[in-house]
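Colleague: Got a predicted structure plus its sequence, pasted below:
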Amino acid sequence: SAVISQKPSRDICQRGTSLTIQCQVDSQVTMMFWYRQQPGQSLTLIATANQGSEATYESGFVIDKFPISRPNLTFSTLTVSNMSPEDSSIYLCSVEIPSQGGEQYFGPGTRLTVT
Amino acid sequence: DAKTTQPPSMDCAEGRAANLPCNHSTISGNEYVYWYRQIHSQGPQYIIHGLKNNETNEMASLIITEDRKSSTLILPHATLRDTAVYYCIASSYGNKLVFGAGTILRVKS
């Protein structure tokens, strides 16, 4: 398995500002994922972030709004830019451990409220 | 990824087995069945996965039908701490996970 931490755990931000969320893993992993979970909803994949390549965004998500960095095999950041109240969600990162069957392990999430 | 269908909610008595069904009639040959759960306000937790054989680990058992069109997750002795949303996902290695609405399991004393 993998131990994943996220910072911050929660934040309240004003509309129009940006927030960068950090995801740290205790082992080197190739594949990292960023998800969004809106209130009362299931998880939606934002993008896949593989080290050494540009992030791959899912339909409905764009790099200008959700820029992602993946500087090494244990760390990634997701920025939520020019925030609006509709961005209020829980943001989660996850990693895949191929040697253990391809299952993903998730961080605890970052609860974002935009006022 | 193949679409999965799960009942929206289920109840289970504490100490009894919880059997959570999942239909994945369009699953392809290289897609595994993964089960995750999400306890309130936490990140999803991996439970188990399988391709075509039944699987068991310390958390649960996974029973996959021979035609692979459906599966059942079994929690052998449910406790109150097993109350969560359970997600059944069909996906291949290295591919993204597509989360549906899942099944809300309520374990009651």
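Modeller: Received the coordinates, thanks.
Colleague: Tell me where chain B is predicted with low confidence.
Modeller: B:1 (pLDDT under 70).
Colleague: Chain A too?
Modeller: A:99-100.
Colleague: Now it against chain B: closest residue?
Modeller: Scanning chain A for proximity to chain B using C-beta to the nearest C-beta identifies residue A:106 as nearest, at 3.5 Å. The C-beta positions use only the backbone N, C-alpha and C, and glycine is treated the same way.
Colleague: since we're on the nearest residue to that residue once chain neighbours are set aside, how many residues are nearby?
Modeller: Leaving aside its sequence neighbours, residue A:106 sits nearest to residue B:43 (C-beta to C-beta, 6 or more residues apart in numbering or on different chains; 3.5 Å). When neighbours are counted by other C-beta atoms under 10 Å in any protein chain shown, residue B:43 registers 22.
Colleague: what's the residue closest to the geometric middle of the chain?
Modeller: Defaulting to chain A. For chain A, the residue nearest the mean C-alpha position is residue A:34 (3.3 Å; C-alpha atoms, centre = their mean).
Colleague: Not quite, go with chain B.
Modeller: In chain B, the residue lying closest to the centroid (C-alpha atoms, centre = their mean) is residue B:35, at 3.7 Å.
Colleague: still on that earlier bit, what is the three-state secondary structure of the residue nearest to residue A:106?
Modeller: Here residue B:43 is recorded as coil under DSSP: H, G, I helix; E, B strand; the rest coil.
Colleague: How many residues are close by residue B:28?
Modeller: Neighbours of residue B:28 under the rule other C-beta under 10 Å: 11.
Colleague: and the closest residue in space to it that isn't next to it in sequence, helix, strand or coil?
Modeller: For residue B:28, ignoring the flanking residues on the chain, the nearest one in space by C-beta to C-beta, 6+ apart is residue B:2 at 6.3 Å. Three-state assignment for residue B:2 (three-state DSSP): coil.
Colleague: Residue B:23 is in contact with residue B:2, correct?
Modeller: No - assessed by C-beta atoms under 8 Å, residue B:2 is found out of contact with residue B:23, at 9.9 Å.
Colleague: Tell me the residues of chain A that contact chain B?
Modeller: A:1, A:4, A:31, A:33, A:35, A:42-45, A:48, A:58, A:92, A:94, A:96, A:98, A:101-109 (C-beta under 8 Å from any C-beta of the partner chain).
Colleague: Run through the strands of the chain in chain order.
Modeller: No chain in the question, so chain A it is. With DSSP state E, the ranges of strands along chain A come out as A:4-7, A:10-13, A:19-25, A:31-37, A:43-50, A:56-57, A:68-72, A:75-80, A:89-96, A:104-106, A:110-114.
Colleague: that's the other chain; I wanted chain B
Modeller: Using DSSP E, strands in chain B cover B:9-13, B:18-23, B:32-38, B:45-50, B:55-56, B:61-64, B:70-75, B:84-91, B:103-108.
Colleague: which one of those strands lies closest to residue A:18?
Modeller: strand B:32-38 (27.3 Å; C-beta to C-beta).
Colleague: quick one, that closest one and strand A:31-37 angle?
Modeller: In terms of direction (axes from the mean of the first three to the mean of the last three C-alpha atoms, to 10 degrees), strand B:32-38 departs from strand A:31-37 by 50 degrees.
Colleague: can I get the CA coordinates of stretch A:85-105 in CSV?
Modeller: Extracted in CSV, the C-alpha atoms of stretch A:85-105 (Å, rounded to 0.1, in the frame of the first residue of the first chain):
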residue,chain,number,x,y,z
PRO,A,85,-18.5,29.0,-5.4
GLU,A,86,-19.1,26.1,-7.9
ASP,A,87,-15.5,25.0,-7.2
SER,A,88,-16.5,24.2,-3.6
SER,A,89,-15.6,20.5,-3.4
ILE,A,90,-13.4,17.9,-1.9
TYR,A,91,-10.3,17.4,-4.0
LEU,A,92,-8.5,14.1,-3.7
CYS,A,93,-5.3,12.7,-5.1
SER,A,94,-4.6,9.0,-5.6
VAL,A,95,-1.7,6.8,-6.7
GLU,A,96,-1.7,3.5,-8.5
ILE,A,97,0.6,0.7,-7.3
PRO,A,98,1.0,-1.6,-10.4
SER,A,99,3.0,-4.2,-8.5
GLN,A,100,0.1,-4.8,-6.2
GLY,A,101,-2.5,-5.3,-8.8
GLY,A,102,-3.2,-1.8,-10.1
GLU,A,103,-5.3,-0.7,-7.2
GLN,A,104,-5.4,3.0,-6.2
TYR,A,105,-4.7,4.5,-2.8
